[in-house]
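[1] Please find the sequence and the predicted model below.
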There are 2 protein chains.
Amino acid sequence: MSNDGSHSPTAHKHRILILGGGFAGVHVAQHLERLLTPGEQHEIEVDLVSNENYMVFQPLLPEMVGATIAPQHGVIPIRRILRTTRVYIREIQSIDLAAKTVELAPGFQPQTKTLGFDQLVVCLGSRLDFSKVQGMKEHAIPFKYLGDAMRLRYEAVRALEEADIESDPDEKRKLLTFVVAGGGFSGVECIAELHDFLAHAISAYRNLKKSDLRCVLLQSAERILPEVDPVLAQYAHQILERRGIEIQVNVRLNAVSADAVVVTSKVSPDSQRIQTRTVVTTVPSAPDPLVSALPCERDRTGRIIVNEFLNVPNFEMLWAVGDCAAVPQPDGIMSPPTAQHAVRQAKTCAANLLAKHRKQKHSKFLFTGLGKLASLGRYSAVAEVMGIKMRGIPAWMAWKAIYLMKIPGWDRKVRVLMDWIIDVILPRDIAQLRIHESDSVHQLFFNKGETIFNEGDFGDQLLVVVKGEVEIIKESKVLSLLKEGDIFGEIALISDQPRSAQASAKTDVHAVAISREAFQQLVTHLPGVRPTIETIMSARGYKHPQLSHVNQE
Amino acid sequence: MSNDGSHSPTAHKHRILILGGGFAGVHVAQHLERLLTPGEQHEIEVDLVSNENYMVFQPLLPEMVGATIAPQHGVIPIRRILRTTRVYIREIQSIDLAAKTVELAPGFQPQTKTLGFDQLVVCLGSRLDFSKVQGMKEHAIPFKYLGDAMRLRYEAVRALEEADIESDPDEKRKLLTFVVAGGGFSGVECIAELHDFLAHAISAYRNLKKSDLRCVLLQSAERILPEVDPVLAQYAHQILERRGIEIQVNVRLNAVSADAVVVTSKVSPDSQRIQTRTVVTTVPSAPDPLVSALPCERDRTGRIIVNEFLNVPNFEMLWAVGDCAAVPQPDGIMSPPTAQHAVRQAKTCAANLLAKHRKQKHSKFLFTGLGKLASLGRYSAVAEVMGIKMRGIPAWMAWKAIYLMKIPGWDRKVRVLMDWIIDVILPRDIAQLRIHESDSVHQLFFNKGETIFNEGDFGDQLLVVVKGEVEIIKESKVLSLLKEGDIFGEIALISDQPRSAQASAKTDVHAVAISREAFQQLVTHLPGVRPTIETIMSARGYKHPQLSHVNQE
């Protein structure tokens, strides 16, 4: 464990530590850099910790999926914005308010790093909450970070590639069905760009046509875009439907599996199963575990309660800014989780951090929002800017102009503008950059009644039942019933033959899957695995389990 | 297993199947599309199988590392080039010449796919051969595919980020040392662009300066660029050295570990250890395992021997094109593995495939190469084009002009040209896109004497000795000696405490590492693991191994 805090030559400085490299955190640092007098620059050290070395310009995330802009152009390297702040690109392991230290996860070397602070600014944003819907963590693609956008694009192209060579019409339909959960800003922009991309890209596939595509938007509220005026939301609804996007309101997403989503109506007892290979989730958000672990007061949704100075009550050295904070506006309501609010909060917070050091009067957060914008892709958008409602092309132009203005740095403005221009003249990019490989040990969820594998399938993984019951079936006869802790699927892996029977989920099933390659490594090298597997196979009637050949790699 | 071959409505057609989506394969298909008469289009079906849905324009690979062009702009989606060919994006599992079938790996569904053929064109290129150097597979970054270029850029930025906050000068030097193995075209272009990128990017790091960088090029031959005229090679050597790149010739790379490379001289008994976190390998190549499994004759390097018609002797229906084929030129020597040769071979092969069907005379492969080009980055290059030797700015302009012309499709030409123009006016992009995560079960190599972990380190993984001996040391005393099959590092994972002792490689050590997360899943769910680990821990003196808490996820 290396310690940069207590014994370094800067230990006598006043240390401001900012946690989080999103809009909130980077702007706090940027404002501090601007406000510090040359004298104060020797007295005060500003440190910032971020998971990634860039911040994501969230409004452009859907355009990265749609391939309108290159993924790297929608992110801004933090070091290009901050000049004197010390930037740490590490994950944060824990916060100790009493000791006034923060511990960072290891980098190249397996050693944690401890940073000390005098004032701490928490800008950790929010996370997606996967816990409310079964199978969401295992099978849905979240839509929040750059990696998510790139993964979604990869999966979308992969689905087109597979659909093009699929001869089974059911499987083909499943591959060409895309579901986005959440009808707020981010869900609407995501489905609009995704549909736009798919509709363009599909022309390159000789066995697919545009009418084969099914894009579904699921919204639990009565209408999409509850954040904007009902007239604008209605307009957006009609535009999307006219393009062929299916919008379901008043529905609840109940479960996600590798195969399908289960959706129930909130106004009737109906429930439906939509077969799909690609599910995107944009709802709902949960606090970062580090925020939940802080000993301060939080609101119902887990956000840190701060006063109008962005300071946490009863914790003089603690501040919170952005999506992780419940910040009161002058109009009494709480700031919504948008970049425009985060940036203004950051400005107020930076001023107050210095005011505290200078022993001056604190300033209040006075911003109430300038407007709302949602892009609908293809030259359309809805917008409410400073009281003016816009839609269609004017709103789309306002959207492009405002966000181009808002992208930090000339570098990015030029790159994004070039991408937009090139998009008008050139076809969409369908190169399928491989981003996400599922880990060799990962979790799966199966809905009651779903087939886990069929007889004759390729044996790609060993499974362990974590919860629920699995039936092994051959010639319509149940051979065995497997419960928690039982393994299955090992025979095809060991014999190198196709699956010898079918496996079905008798109840909802949670399972752990171990890939073929990892299993062979484990059987060969991890003590205890081989004899156990051999014992299980003997008990199942395999007289001479031939585990020896997996030894040869 | 689905079968697209024997029972489909196209079964009566003459089927040409092309394996491989690189320059060779795609150009065979493209030429076939051009040559087929409308009548023949109904008689002949052309299928192509590729791992990726794009082909990589290899000459631009170094520029992707250097961030001169966006990674996706150096690849060309295959479907944008081919119009009537049926394209399968799948891995190939096996080739059966007798049955005239090829089996494809599963896609979304765990089902293989079988394709039939009447004529088979093998365009599987070559692979990097990791087997010659210990630890290369485990720790070196290959330099061949798009993903490799993106990974190298990610690792280079990661090293800068870590170096910027590293307080230990030894570790900092290690992080800022970059080694490229191989002094041919690809190695020279790679180190030139990598150095250029690092030298630009480093200005964004306030604790690093350009003179801290160490870039080393290792070449086993007497000089770099053995492919070109000695005068040009000498020029390139001087240019690179003047920029601060260290070039070592007549050296052999002996071992690669997570920490260092071991290099021995070929002309003296000297050997040295270069401490580094980033090693790139561009040498040597090995045949694809599918090629090695074919029953036909191969040359010394494993390439398929073909005649001047690109046909494989004694296998009338089998053809080979590109890097996987040993193709005789009219001048008697074998075609080198370059795109210009692959493209011409493809043209001849396509003509002969049809000639065979039309029962016409076959044409001979008559190309001997137009020239050689190697970019040195920063407005310099060396070139031999149609007998004319060039260097410096003229060669650099020739390089840019020729490759811009050669990039297939207007789309890509425009995008690459825009990238080149923007590169002149804007700073290099240092956003660190996370591409490669090491798998939760992976292999490691340690040189004799290397520390595997130190007392006090964070316990990030469990290790199993595959080969060699490991010493566990505390207070300079050897506590135990571990051999093949022994596990170590489990205590820190289970107790959630830092490493309680040091582990060192007594001999060269091959090990399997299992990540903290995967280990917890395995202990909790995979039968046999928990009791074995508990027994081992008891034997090591942990009276009451507390494995129960890892149950709670």
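    On my side now, so go ahead.
[2] residues in contact with the spatially closest residue to A:Gln58 that is not a sequence neighbour?
    Using CB to CB, 6 or more residues apart in numbering or on different chains and skipping residues adjacent in sequence, the residue nearest A:Gln58 is A:Ala339, 6.2 Å away. C-betas here are computed from N, CA, C, even on glycine. Contact partners of A:Ala339, counting by CB atoms under 8 Å, 6 or more residues apart in numbering or on different chains, are A:Phe23, A:Phe57, A:Gln58, A:Pro59, A:Lys406.
[3] try A:His525
    Remark: with contacts taken as CB under 8 Å, 6+ apart, A:His525 is in contact with B:Val464, B:Val466, B:Gly485, B:Val512.
[4] Enumerate the residues of the stretch 151-300 of chain A near chain B.
    Applying CB under 8 Å from any CB of the partner chain, we find that the stretch 151-300 of chain A lies next to chain B at A:157-159, A:161-162, A:164-165, A:167-168, A:171, A:175, A:204-206, A:277.
[5] Run through the helices of the stretch 151-300 of chain A in chain order.
    Remark: helices assigned in the stretch 151-300 of chain A by DSSP state H, counting those that start in this stretch are A:169-175, A:185-201, A:230-242, A:289-292.
[6] rewinding a little: from A:Val291, how far out is the residue nearest to A:Gln58?
    19 Å (CB to CB, to the nearest Å).
[7] repeat for A:Met537
    Here the criterion is CB to CB. By it, A:Met537 lies 47 Å from A:Val291.
[8] Same drill for the two, tell me which one is more crowded.
    Each of A:Met537 and A:Val291 had its neighbours counted (other CB atoms under 10 Å in any protein chain shown), and the higher figure belongs to A:Val291 (24 against 20).
[9] which residues touch stretch A:517-524?
    A:440-441, A:461-462, A:490, A:493, A:514, A:529-530, A:533, A:547, A:550-551, A:553, B:439-441, B:443, B:512, B:514, B:518, B:522, B:526.
[10] So which of these sit within strands?
    The strands, defined by DSSP state E, take in A:Val441, A:Gln461, A:Leu462, A:Ile514, B:Val441, B:Gln443, B:Val512, B:Ile514 from the contacts of stretch A:517-524.
[11] Can you name the residues that contact the fifth one?
    Same thing as B:Val441. A:Ser440, A:Val441, A:Glu517, A:Ala518, A:Gln521, A:Leu522, B:Val512, B:Ala513, B:Ile514, B:Ser515, B:Ala518.
[12] hmm, try it at 6 Å
    A:Ser440, A:Ala518, A:Gln521, B:Ile514 (CB atoms under 6 Å, 6 or more residues apart in numbering or on different chains).
[13] Check what pLDDT it gets.
    On pLDDT, B:Val441 comes in at 87.
[14] try the last one
    Per-residue confidence at B:Ile514 stands at 91 (pLDDT).
[15] Tell me which residues touch it, please.
    B:Val441, B:Leu462.
[16] just the helices in the stretch 1-150 of chain A please.
    For the stretch 1-150 of chain A, the helices defined by DSSP H, counting those that start in this stretch occupy A:23-35, A:38-43, A:61-65, A:136-139, A:146-164.
[17] and the closest residue to chain B within the stretch 251-400 of chain A, how many neighbours?
    Closest residue of the stretch 251-400 of chain A to chain B, CB to the nearest CB: A:Arg277 (5.7 Å). A:Arg277 is flanked by 23 other residues according to other CB under 10 Å.
[18] need the contact list for it.
    Taking CB under 6 Å, 6+ apart, we find A:Arg277 in contact with A:Ala159, A:Lys174, A:Leu175, B:Phe108.
[19] out of the residues you listed, who's nearest B:Lys266?
    Ranked by distance to B:Lys266 (CB to CB), those are led by B:Phe108 at 49.8 Å.
[20] unless I'm mixing things up, that closest one is touching A:Leu160, no?
    No. Here B:Phe108 lies out of contact with A:Leu160, judged by CB atoms under 6 Å, at a distance of 11.7 Å.
[21] Have a look at those two and say which one is more surrounded.
    Legend: neighbour count by other CB under 10 Å for B:Phe108 and A:Leu160, higher for A:Leu160 (25 against 19).
[22] Tell me the confidence at the more buried one?
    Looking at A:Leu160, its pLDDT is 96.
[23] which residue packs closest to it, ignoring adjacent ones?
    That would be A:Tyr205: by CB to CB, 6+ apart, it lies 5.7 Å from A:Leu160.
[24] thinking the one you found is in contact with A:Glu162, fair?
    No. Assessed by CB under 6 Å, A:Tyr205 is found out of contact with A:Glu162, at 10.4 Å.
[25] Of these two, which one has the most company?
    Taking neighbours as other CB under 10 Å, A:Tyr205 and A:Glu162 compare with A:Glu162 leading, 21 against 17.
[26] Check the spacing between the residue in the stretch 201-350 of chain A positioned nearest to chain B and B:Leu82 real quick.
    Across the stretch 201-350 of chain A, the shortest distance to chain B (CB to the nearest CB) belongs to A:Ala204, at 4.1 Å. Counting by CB to CB, the separation of A:Ala204 from B:Leu82 is 9 Å.
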